[in-house]
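Undergrad: Okay, sequence plus prediction incoming.
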Amino acid sequence: MAKVTKKSAGKTTKTNKNTKFSFINTLHESVLKLATVARNGEIRMKRTDLKKAIEDTFLSGVKAAAKGERVRFPVIGAIGRKEVKARKAGKGVNPFTGEEMMIKARPASQKPRWSFPKTLKETFANKKNW
């Protein structure tokens, strides 16, 4: 599946059409591109560049999720796509007034779905953390 391609600079990179989006790998690659090493060996990068790299990585993850892939973000959860079925128009009753009303038809659509990891749910459920 993975094939090696050569660039004109002599560097080789692996490309894989069936790869899943990896938040950590994408963020790591963008941070490596931003980092510069000073004379004394310190690694430096601008705060605004780092912020932009994080935002771009999240945005590319959301785009991958919109295409139908389930994307996991470490510690905070995962985002995916949910299929919403179409609904026919019909009559209904307003629960507050008891009055009859028309319910509009709804076309089929796709919506984002966020799920939290078990550890995060347990942290919020534990009363010691309140």
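TA: Perfect, I can see it now.

Undergrad: Which residues does the longest helix along the chain contact?
TA: Ordering each helix of the chain by length in residues (DSSP state H) puts helix 47-66 first. With contacts defined as CB atoms under 8 Å, 6 or more residues apart in numbering, helix 47-66 is touched by 21, 23, 26-27, 30-31, 34, 71, 73, 79-81, 110, 112. Where you see a C-beta, it was placed from the backbone N, CA and C, and this is true even at glycine.

Undergrad: Could you tell me the end-to-end distance of stretch 109-121?
TA: Terminal residues of stretch 109-121 are spaced 29 Å apart (CA to CA, to the nearest Å).

Undergrad: Show me the strands in the chain, by range?
TA: 3-6, 12-15, 36-37, 43-44, 71-73, 77-84, 90-93, 100-103, 109-115 (DSSP state E).

Undergrad: Identify, out of the ones you listed, the most deeply packed stretch.
TA: Highest mean neighbour count among these (mean count of other CB atoms under 10 Å): strand 71-73, with a mean of 18.

Undergrad: So which other helices or strands are in contact with that one?
TA: Helices and strands touching strand 71-73, by 3 or more CB pairs under 8 Å, 6 or more residues apart in numbering; DSSP states H and E, are helix 23-34, helix 47-66, strand 77-84.

Undergrad: centre of the chain versus the longest helix of the chain, how much separation?
TA: The chain centre lies 9 Å from the centre of helix 47-66; the measure is CA atoms, centre = their mean, to the nearest Å.

Undergrad: Now it: average pLDDT?
TA: In this model, helix 47-66 has a mean pLDDT of 94.

Undergrad: Can you give me every residue that contacts the residue lying closest to residue 61 once chain neighbours are set aside?
TA: Spatial nearest neighbour of residue 61, chain neighbours left out: residue 71 (4.5 Å); criterion: CB to CB, 6 or more residues apart in numbering. Counting by CB under 8 Å, 6+ apart, residue 71 makes contact with 21, 23, 61, 62, 64, 65, 78, 79, 80.
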